[in-house]
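**Q** Quick one: sequence and predicted model below, then my questions.
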Amino acid sequence: MTRRLAPVSARSLAAVGAGLLLFASFPPRPLWFLAPVGIAVLVVVLTVRPMQRKAGFGYGFLAGLGFLVPLLPWIGVYVGPLPWLALAAAEALFVGLFGALVVHLRSMPAAPLWIAAAWSLTEYLRSSVPFGGFPWGRLAFGQPDGFLVWLAVVGGAPLVSFAVALIGSGAAALVLTVLRHRNRGPSDRGGLWTAVAWTALAPLAALAAWPLLVTADTPDSRGRAVTVAAIQGSVPRLGLDFNAQRKAVLDNHVAQTLALAAQVRAGQVDAPDMVIWPENASDIDPLRNADAATDISAASAAIGAPILVGAVLVNGDGTTTNSVIVWDAQSGPGERHDKRIIQPFGEYLPYRSFFRLFSEYADRAGFFVPGDGDGTVTAADITIGVATCYEVAFDRAFRDSIDAGAQLLAVPTNNATFGDTEMTYQQLAMSRVRAVEHGRTVVVAATSGVSAVVDPDGRVQQRTALFEPAALVARVQLRQDATLASRFGPFPELALCVGAVAAAGVALVRDRRRRDASGSQPDTDVAPIPADGRFDREDH
């Protein structure tokens with residue numbers, strides 16, 4: 001029994017270690033290169049010895065826990081560990097599905113390609129279901145400091161994730177081929193070079209994509225330069241009750257804007273064409289509260305520019321919308337973006353009567369309703385794409401904005417509810433990937449930090465510290481050209497998903513034929529060493 005359990009224990013520990021490597025690759029750590037290593041370790045665990053698909057699911061699930069449990073503790077920082085651990089376990093199921101698919105696909109020709117596509121499929125599913133999905137932790141969002149992010153300009157975040165997984169699965173095939181080469185002599189040079197080719201394919205593609213990157217010092221001749229400001233007013237206190245002092249939060253952002261206006265009058269900074277306030281800057285509905293409206297108008301008049309105000313608006317039926325309103329001192333409130341992708345278990349609670357049985361914090365979830373529209377507002381004759389906080393994690397948010405003509409992208413966000421955690425750095429990384437994906441400057445305005453101005457090539461031009469009132473002022477280039485990623489839209493990801501499903505179907509037919517021919521059960525007669533792009537040695 002001990003001899004049988006020892007290999008299982010070793011593989012289980014290696015699977016958890018693979019997940020930890022994926023976690024370590026994410027910001028604020030600049031260790032992006034650990035992500036393909038983590039995928040490689042997991043694929044080796046799943047292919048080095050024959051196993052059933054249910055075992056593959058188990059090892060994948062363990063890797064998912066090793067990845068997501070340390071990635072998501074900000075979920076429970078003020079509500080206890082149950083929501084955090086429940087979400088991590090639910091999302092780890094998708095990594096478990098990846099493990100089962102690897103076991104299923106390992107006998108296919110070009111197995112590293114299909115395994116990487118399987119990762120893309122599971123990321124797509126995780127970003128879609130349940131309750132609209134939860135894209136946090138996509139491999140692409142750990143890559144803004146690496147060269148693989150250049151692929152975002154071609155196929156967006158999905159292609160970057162696929163590239164990470166392809167390097168990892170190719171490296172796994174290379175490792176196992178080298179082991180076979182050592183054990184059996186130089187009889188499989190073709191398999192060795194095939195594995196090298198799979199490993200090198202994604203880096204070479206990223207290098208080829210580099211000339212397409214929109215760099216900050218290559219202005220678009222069809223777009224004008226404008227000055228934008230992002231205000232970080234900070235909050236009286238962190239936690240779920242930060243907005244109990246809603247007037248103080250609004251006052252902080254008004255005061256910081258007035259301070260910036262004084263700097264403009266003194267000639268210390270350029271006058272902005274527009275100002276971006278964060279999400280929840282005014283949790284007092286300025287369309288219903290005259291005092292809030294007066295304060296915002298005064299700030300706009302002082303700075304001499306329209307303000308994009310993050311506000312909570314109360315609807316006639318008692319629901320609320322998380323909105324960004326263009327507010328001008330002369331004309332008052334104008335166009336607005338109502339957050340379209342709202343956060344389950346935060347901004348609203350599905351099955352409220354059921355989930356309140358598990359946590360006393362359930363009733364703190366809001367009664368927000370999603371908006372519609374194309375995700376853009378116009379201020380100072382600038383078309384601005386807006387993705388409010390949680391929305392930036394979803395591909396479709398800015399994609400719709402770009403289709404509607406957005407020349408500049410804004411991410412108003414409120415991270416005060418998550419305290420001093422890594423969440424804010426993870427979210428900034430998403431904004432950096434979006435900048436590359438769409439070739440646009442992204443302005444992040446956060447209540448308590450980190451606020452930032454991100455150039456179209458993903459580099460952070462300016463950023464603030466956490467929990468400190470600040471104002472960022474930057475001269476940026478408006479852009480109108482669409483990147484390949486913006487033009488292709490969801491099709492690269494759909495192609496990868498279709499490829500994974502098709503490969504799984506072919507593998508299923510092959511397994512059944514092999515089982516019928518040999519009378520054995522599938523997944524039990526697969527040898528551990530890859531050859532010719534397969535993770536087995538049989539000639540099917």
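**A** Yes, it's here.

**Q** contacting residues around the spatially closest residue to Ala202 that is not a sequence neighbour?
**A** Leaving out its chain neighbours, the residue that sits closest to Ala202 by CB to CB, 6 or more residues apart in numbering is Ala163, at 3.8 Å. (Each C-beta comes from the backbone N, C-alpha and C, glycine too.) Residues in contact with Ala163, defined by CB atoms under 8 Å, 6 or more residues apart in numbering, are Ala116, Leu148, Leu151, Ala202, Pro203, Ala205, Ala206.

**Q** mind checking how far Ala163 is from Ala517?
**A** From Ala163 across to Ala517, the span is 37 Å (CB to CB, to the nearest Å).

**Q** Just the buried residues of the helix or strand where Ile231 lies, please?
**A** Counting by DSSP states H and E, the element that carries Ile231 is strand 225-232. When neighbours are counted by 16 or more other CB atoms under 10 Å, the buried residues of strand 225-232 are found to be Val226, Thr227, Val228, Ala229, Ala230, Ile231, Gln232.

**Q** Kindly reformat the residues you listed as CSV containing distance to Asp400.
**A** Converted to CSV, those look like this (distance: CB to CB, whole Å):
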residue, distance to Asp400
Val226, 22
Thr227, 26
Val228, 21
Ala229, 25
Ala230, 22
Ile231, 26
Gln232, 27
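
**Q** Mind exporting the C-alpha coordinates of stretch 365-381 to CSV?
**A** Provided in CSV are the C-alpha atoms of stretch 365-381 (Å, rounded to 0.1, in the frame of the first residue of the first chain):
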residue,chain,number,x,y,z
ALA,A,365,-24.5,42.4,-1.2
GLY,A,366,-26.1,45.2,-3.2
PHE,A,367,-29.2,45.5,-5.3
PHE,A,368,-27.4,46.7,-8.4
VAL,A,369,-28.7,46.2,-11.9
PRO,A,370,-26.6,46.1,-15.1
GLY,A,371,-26.7,48.9,-17.6
ASP,A,372,-26.6,48.6,-21.4
GLY,A,373,-25.0,50.7,-24.1
ASP,A,374,-21.7,50.5,-25.9
GLY,A,375,-19.4,51.3,-23.0
THR,A,376,-18.4,54.8,-24.1
VAL,A,377,-19.0,58.4,-23.0
THR,A,378,-18.0,61.6,-24.7
ALA,A,379,-16.2,64.4,-22.8
ALA,A,380,-14.3,67.4,-24.3
ASP,A,381,-15.0,65.9,-27.7
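
**Q** tell me the mean pLDDT over it?
**A** Stretch 365-381 shows a mean pLDDT of 93.

**Q** For that stretch, buried residues please.
**A** Those would be Ala365, Phe368, Val369, Gly371, Asp374, Gly375, Thr376, Val377, Ala379, Ala380, for stretch 365-381 by 16+ other CB under 10 Å.

**Q** quick revisit: possible to save the buried residues of strand 225-232 as TSV with pLDDT and distance to Thr122?
**A** Below are the buried residues of strand 225-232 laid out as TSV (pLDDT from 0 to 100; distance: CB to CB, whole Å):
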residue	pLDDT	distance to Thr122
Val226	97	41
Thr227	98	43
Val228	98	38
Ala229	98	41
Ala230	98	35
Ile231	98	39
Gln232	97	36
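
**Q** what's the closest of those residues to Glu391?
**A** Minimum distance to Glu391 across those is 17.2 Å, recorded for Ala230 (CB to CB).

**Q** got the contact list for the closest one?
**A** Counting by CB under 8 Å, 6+ apart, Ala230 has contacts Val275, Ile276, Val443, Val444, Ala445, Ser451, Ala452, Val453, Ala471, Leu472.

**Q** among those, which are in strands?
**A** Val275, Ile276, Val443, Val444, Ala445, Ala452, Val453, Ala471, Leu472 (DSSP state E).

**Q** which residues touch the second one?
**A** Ile276 makes contact with Val228, Ala229, Ala230, Ile231, Ile307, Leu308, Ala410, Pro412, Val443, Ala445, according to CB under 8 Å, 6+ apart.

**Q** what about 6 Å?
**A** Ile276 is in contact with Ala230, Leu308, Ala410, Val443, Ala445, counting by CB atoms under 6 Å, 6 or more residues apart in numbering.

**Q** same thing with the fourth one?
**A** If a contact means CB under 6 Å, 6+ apart, then Val444 has Val411, Ser431, Ser451, Ala452 as its contacts.

**Q** From Leu212, how far out is it?
**A** For Val444, the distance to Leu212 (CB to CB) stands at 24 Å.

**Q** same check, this time on the fifth one
**A** Applying CB to CB, the value for Ala445 to Leu212 is 29 Å.

**Q** out of these two, which sits in the more crowded spot?
**A** For Ala445 versus Leu212, neighbours defined as other CB atoms under 10 Å are more numerous around Ala445 (31 against 15).

**Q** doesn't Val454 make contact with that one?
**A** No. Judged on CB atoms under 6 Å, Ala445 makes no contact with Val454 at a distance of 11.9 Å.

**Q** Tell me the buried residues in the longest helix along the chain?
**A** If you go by DSSP state H, the chain has its longest helix at helix 152-184. Across helix 152-184, burial judged by 16+ other CB under 10 Å covers 152-177, 180-181.

**Q** Tell me which helix or strand comes right after that helix.
**A** Remark: after helix 152-184, the chain's next helix or strand is helix 189-209, criterion DSSP H and E.

**Q** model confidence over that following helix, on average?
**A** 86.

**Q** what's the distance between that helix and the middle of its chain?
**A** Chain-centre distance of helix 189-209: 26 Å, with CA atoms, centre = their mean, to the nearest Å.

**Q** could you turn it into CSV, dropping everything but the C-alphas?
**A** In CSV, the C-alpha atoms belonging to helix 189-209 read as follows (Å, rounded to 0.1, in the frame of the first residue of the first chain):
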residue,chain,number,x,y,z
ARG,A,189,15.8,12.6,-32.8
GLY,A,190,12.7,13.6,-34.8
GLY,A,191,10.6,13.5,-31.6
LEU,A,192,13.2,15.6,-29.8
TRP,A,193,13.2,18.3,-32.5
THR,A,194,9.4,18.2,-32.6
ALA,A,195,9.2,19.0,-28.9
VAL,A,196,11.7,21.8,-29.3
ALA,A,197,9.6,23.2,-32.1
TRP,A,198,6.5,23.3,-30.0
THR,A,199,8.3,24.9,-27.2
ALA,A,200,9.8,27.6,-29.4
LEU,A,201,6.7,28.3,-31.4
ALA,A,202,5.0,30.8,-29.1
PRO,A,203,8.1,32.9,-28.3
LEU,A,204,8.8,33.2,-32.0
ALA,A,205,5.3,34.3,-32.7
ALA,A,206,5.6,36.9,-29.9
LEU,A,207,8.7,38.2,-31.4
ALA,A,208,7.0,38.4,-34.8
ALA,A,209,4.1,40.4,-33.2
